[in-house]
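Enquirer: no sequence on hand, only this structure:
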Ligand code: F6P
């Protein structure tokens, strides 16, 4: 290596050090994976908090990681996020992007962000989103913060995810209505709620809706015991019986379980799969507040030089969790609530 090469290498190292210490001035935000009510409130908070904290530019990336890889960017300002706090979905759009699961996709994303001089990225979503975010944080100079946005609440490192409260309330509203018809015609109802891998929605809807039984993926379903439980309810003179089934329950969805119970007890039953209704609608106050707090805290985290973390809320305090822990560690269901459902449905 000649003298000039050594000087050049030292300049590159010096600039790299400056870059790492440099204040974050330009950030981007994207939503990815399943949309969740409250994502818009979160984007609004990021933009307005960022602008008021001297960020020079906030870029919105459309359609999640797919939009990032196609450089589908828009500049966001306080006015472009007006009148969205009450809207469900995500006005930036979202996607489930296979390319971001590959090293080539990560490399391409880093190059695009680098060319646009984006120094910080906030990704709002669930575990798939965080896996991409962690890879970006590891691979490049860009600072990356994740925010939990999914109706499933299945993310370690935060008590609640943005969208969960709205989804629970939407499902609860449906169950209250189902209870009216179930009682009038005296038939058991099997209501399927979302939750691909976890039973957080089922558990919370079950307790709030006074369900007789809930079936969640975390606990092996004993269909014989379920039949006995429904029989006991009928013999006690109960006019309606609501069984809440998480879509990911290992015994199959509500349809399969209901068919088994119906045949075994020779009773007429009905099934209602709530589906994507739970993902839409105006976010509840709780979701809007959580989204606003977490959006602001994510900007703070970037301005403080943090990267590779998810910002969440635990016991009422803002928390930072290393991204790999958000999917690597398991958030437990509240087993006391599970017991309480059985006690309260006598
Ligand atoms: O991850 C949120 C979620 O709503 C799950 O509860 C559900 O299983 C899944 O997304 C449905 O995904 P899609 O909208 O791609 O069908």
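Expert: Structure received. Because the structure is predicted, anything quoted here is derived from the model rather than measured.
Enquirer: my guess is residue 105 meets residue 69, correct?
Expert: Yes. Counting by C-beta atoms under 8 Å, residue 69 is a contact partner of residue 105 at 6.4 Å. Bear in mind the C-beta positions are built from the backbone N, C-alpha and C, glycine included.
Enquirer: so what sits against both of these two?
Expert: Common contacts of residue 105 and residue 69, defined by C-beta atoms under 8 Å, 6 or more residues apart in numbering, comprise 97, 99.
Enquirer: quick one: residue 24 is in a helix?
Expert: No. Using DSSP: H, G, I helix; E, B strand; the rest coil, the assignment for residue 24 is coil, not a helix.
Enquirer: correct me, but it touches residue 301?
Expert: No. Counting by C-beta under 8 Å, residue 24 stays clear of residue 301, with 10.0 Å between them.
Enquirer: just say helix, strand or coil for residue 320.
Expert: strand.
Enquirer: so who does it touch?
Expert: With C-beta under 8 Å, 6+ apart, residue 320 has these contacts: 301, 306, 309-312.
Enquirer: against residue 206, how distant is it?
Expert: 32 Å (C-beta to C-beta, to the nearest Å).
Enquirer: what about residue 271, neighbour count?
Expert: Other residues lying near residue 271 total 19 when counted by other C-beta atoms under 10 Å.
Enquirer: again, but for the one 10 residues further on
Expert: Burial measure for residue 281: 16 neighbouring residues, criterion other C-beta under 10 Å.
Enquirer: now it: closest residue in space that isn't a chain neighbour?
Expert: Setting aside the residues directly before and after it, residue 281 is nearest to residue 88 in space (C-beta to C-beta, 6 or more residues apart in numbering), at 4.8 Å.
Enquirer: again with residue 136
Expert: Nearest non-adjacent residue to residue 136, counting by C-beta to C-beta, 6+ apart: residue 144, 5.1 Å away.
Enquirer: residues in contact with the helix or strand the one you found falls within?
Expert: Taking DSSP states H and E as the definition, residue 144 sits inside strand 143-148. Residues outside strand 143-148 that contact it (C-beta under 8 Å, 6+ apart): 24, 42, 119-126, 129-130, 133-134, 136-137, 155, 157-158, 161-162, 294-295, 298, 301-302, 305-312, 323, 326.
Enquirer: hang on, residue 206 packs against residue 245?
Expert: No. Using C-beta under 8 Å, residue 206 makes no contact with residue 245, being 9.7 Å away.
Enquirer: what is in contact with the two at once?
Expert: With C-beta under 8 Å, 6+ apart, residue 206 and residue 245 have common neighbours residue 214.
Enquirer: measure residue 103 to residue 138 for me?
Expert: 11 Å.
Enquirer: more neighbours: those two, which one.
Expert: For residue 103 versus residue 138, the count of surrounding residues by other C-beta under 10 Å is larger for residue 138: 13 against 9.
Enquirer: quick one, what contacts the more buried one?
Expert: residue 308.
Enquirer: measure it to the ligand for me?
Expert: Going from residue 138 to the ligand by C-beta to the nearest ligand atom, to the nearest Å gives 24 Å.
Enquirer: quick one: the closest residue to residue 109 other than its chain neighbours from residue 139, how far?
Expert: Nearest residue to residue 109, sequence neighbours excluded (C-beta to C-beta, 6+ apart): residue 68, at 5.3 Å. Per C-beta to C-beta, residue 68 is found 13 Å from residue 139.
Enquirer: more neighbours: which of the two?
Expert: Neighbour tally, residue 68 and residue 139, criterion other C-beta under 10 Å: the higher count belongs to residue 68, 29 against 14.
Enquirer: now that one. Its backbone dihedrals?
Expert: For residue 68, the backbone dihedrals (degrees, to the nearest 10) come out as phi -60, psi -50.
Enquirer: low-confidence ranges in this structure?
Expert: 1-22 (pLDDT under 70).
Enquirer: the ligand contacts on that one?
Expert: With C-beta under 6 Å from any ligand atom as the criterion, the chain comes near the ligand at residues 34, 126, 150-152, 194-196, 247, 279.
Enquirer: from the residues you listed, which is closest to residue 334?
Expert: Among the residues of the chain next to the ligand, residue 195 lies closest to residue 334 (C-beta to C-beta), at 14.5 Å.
Enquirer: now for the closest one: which residues touch it?
Expert: Neighbouring residues of residue 195 by C-beta under 8 Å, 6+ apart: 152, 154, 201-202, 216-217, 246-248.
Enquirer: the residue nearest to residue 136 and residue 131: what is the separation?
Expert: 12 Å.
Enquirer: which one's more surrounded, the two?
Expert: Taking other C-beta under 10 Å, residue 144 and residue 131 do not tie; residue 144 has more neighbours (27 against 18).
Enquirer: residue 210 versus the more buried one, what's the distance?
Expert: 43 Å.
Enquirer: then residue 68?
Expert: 44 Å.
Enquirer: hang on, the earlier thing: farthest pair within the residues of the chain next to the ligand?
Expert: Farthest apart among the residues of the chain next to the ligand by C-beta to C-beta are 126 and 247. That separation is 15.1 Å.
Enquirer: ok, so of the residues of the chain next to the ligand, who is nearest residue 185?
Expert: Closest to residue 185, out of all of these and judged by C-beta to C-beta, is residue 247, at 25.1 Å.
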